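Asker: A predicted structure for the sequence below; I have some questions about it.
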Amino acid sequence: MVNASNYTDTTDTDFKAGSYNIDTGKPLSSTGVRAALHTKEKIANKQVSSADATADTLTANSSDSYYPTAKLAGKNLDALRNGKQDKLAAGIAKNIVAYSGTAGTPGTLTRTTTIDTAANASDDRIPTEKAVATALSGNENTSNKATSITAANKNDVVKYPTIGAVTAWATTTLMDLLLPIGTIIAMETMAYYNNADATFKSKWKVCDGSSSNAPNLKHRFLRGFESGDSTTGGANSVEVDVPLKKHSHTFTGATASGSLNLYHYGDGLDRTIFTNSGDSSTSLPNNNGETTGEGINFSLTPSGTISSEGADSSTITVSTLPSYYTVIYIMKIA
């Protein structure tokens, strides 16, 4: 039992009890010795370096017949831990170490205090809590969303309306505020009215006499109202009496003078002409068939009187229609 000291401690308590039953003054049994030796290290199988192809490397193919020493196990533990999270060297202050996408190779993500737009956002930056809170503070708070605009919330400075709420309010309440029932406006032609939305046409009627709720404004202008005025009036033209007393005008023209040459032929016939007074005549004698010319000189002064006839006055029609551009009028009835 030369090697007995290799299998016990200084007090020999490991072998004094149990199946070993080895103690001072007691005979040794083969069973007890065998039991003690089977639970202790088998030095022949202690492995201080790898017996595999790669020295000092323990793999899934290592033999079950050997056990590594602490040094060999430590070498392989370092290899297994190399590049892992708990063995990374200290990084830049406040940066975050994270998996890079390559097995066993982590990367470094930079800390950022702002959150960029989606187009410029990076997978290599991690926002701080404050950056996230700041970004979220500007986003929609659904608890303040209003699906309708009412008298109760229209002055609320916190709530915000949806697009549907704004559309509904603008097409009803707002239009009733800006254009109440009875408002009359002009449109260029009936084509524009006919092409309008059905809801619009249910509330606005053409002022052409076709609707009992709208006045007939065909061929009419709009006139500002004053207490006591009638609803309609005026005309496109008026008759005006023009006083014209019976009267006469005399006139005398300038004196004019000249001469008239008359010719006759030798046909044996006398030619008779009248003087300008019309009460005497003279004959141009036949000169034995010869053609001759006779001259008559004259002088006259035109004069006369023009007198009006009929009644002492007359009536004329005067148009009162100014320059215009034709439109149609429509009136809000609902």
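Answerer: Done, it's in.

Asker: Tell me where the stretch 51-200 of the chain has strands.
Answerer: Along the stretch 51-200 of the chain, the stretches classed as strands by DSSP state E, counting those that start in this stretch are 67-68, 96-102, 105-112, 125-127, 145-146, 160-161, 184-187.

Asker: Name the residues that touch the fifth one?
Answerer: Spelled out, it's strand 145-146. With C-beta atoms under 8 Å, 6 or more residues apart in numbering as the test, strand 145-146 has contacts from Asn153, Asp156, Lys159, Tyr160, Pro161, Thr162, Ala165. Just so you know, the C-beta spots here come from the backbone N, C-alpha and C atoms, and that holds for glycine as well.

Asker: again, only using 6 Å
Answerer: Asn153, Lys159, Pro161, Ala165 (C-beta atoms under 6 Å, 6 or more residues apart in numbering).

Asker: Which of the residues you listed fall in helices?
Answerer: Applying DSSP state H to these, the entries found in helices are Ala165.

Asker: okay, the contacts of strand 145-146 in a markdown table with pLDDT and neighbour count next?
Answerer: Formatted as a markdown table, the contacts of strand 145-146 follow (pLDDT from 0 to 100; neighbours: other C-beta atoms under 10 Å):
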| residue | pLDDT | neighbour count |
| --- | --- | --- |
| Asn153 | 91 | 13 |
| Lys159 | 90 | 15 |
| Pro161 | 92 | 18 |
| Ala165 | 94 | 18 |
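
Asker: Leu77: which of the contacts of strand 145-146 is nearest?
Answerer: Lys159 (62.8 Å; C-beta to C-beta).

Asker: isn't the closest one right up against Asn144?
Answerer: Yes. Counting by C-beta atoms under 6 Å, Asn144 is a contact partner of Lys159 at 4.8 Å.

Asker: Against Val158, how distant is Asn144?
Answerer: Using C-beta to C-beta, to the nearest Å, we find Asn144 at a distance of 5 Å from Val158.

Asker: same deal with Ile181?
Answerer: Ile181 is 34 Å from Val158, by C-beta to C-beta.

Asker: For the chain, give me the ranges with low pLDDT.
Answerer: Residue ranges of the chain with pLDDT under 70: 1-26, 28, 32, 34-42, 50-55, 79-108, 244, 259-296, 308-313.

Asker: Could I get the full set of helices for it?
Answerer: 30-38, 70-81, 129-137, 163-169, 175-178, 190-194, 198-203.

Asker: Take those helices and lay them out in CSV including distance to Glu226.
Answerer: CSV is the format used below for the helices of the chain (distance: least, C-beta to C-beta, whole Å):
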stretch, distance to Glu226
helix 30-38, 129
helix 70-81, 101
helix 129-137, 60
helix 163-169, 36
helix 175-178, 25
helix 190-194, 30
helix 198-203, 29
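
Asker: Thr315 is nearest to which of those?
Answerer: Closest to Thr315 of those, according to C-beta to C-beta: helix 190-194, at 38.7 Å.

Asker: If we go by neighbour counts, what in the closest one is buried?
Answerer: Along helix 190-194, these residues count as buried under the neighbour rule (16 or more other C-beta atoms under 10 Å): Tyr193.

Asker: Grab the CA positions of that helix and hand them over as CSV.
Answerer: The C-alpha coordinates for helix 190-194 follow below in CSV (Å, rounded to 0.1, in the frame of the first residue of the first chain):
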residue,chain,number,x,y,z
MET,A,190,-77.4,76.4,-66.3
ALA,A,191,-74.7,73.9,-67.3
TYR,A,192,-72.7,74.6,-64.2
TYR,A,193,-75.7,74.1,-62.0
ASN,A,194,-76.7,70.9,-63.8
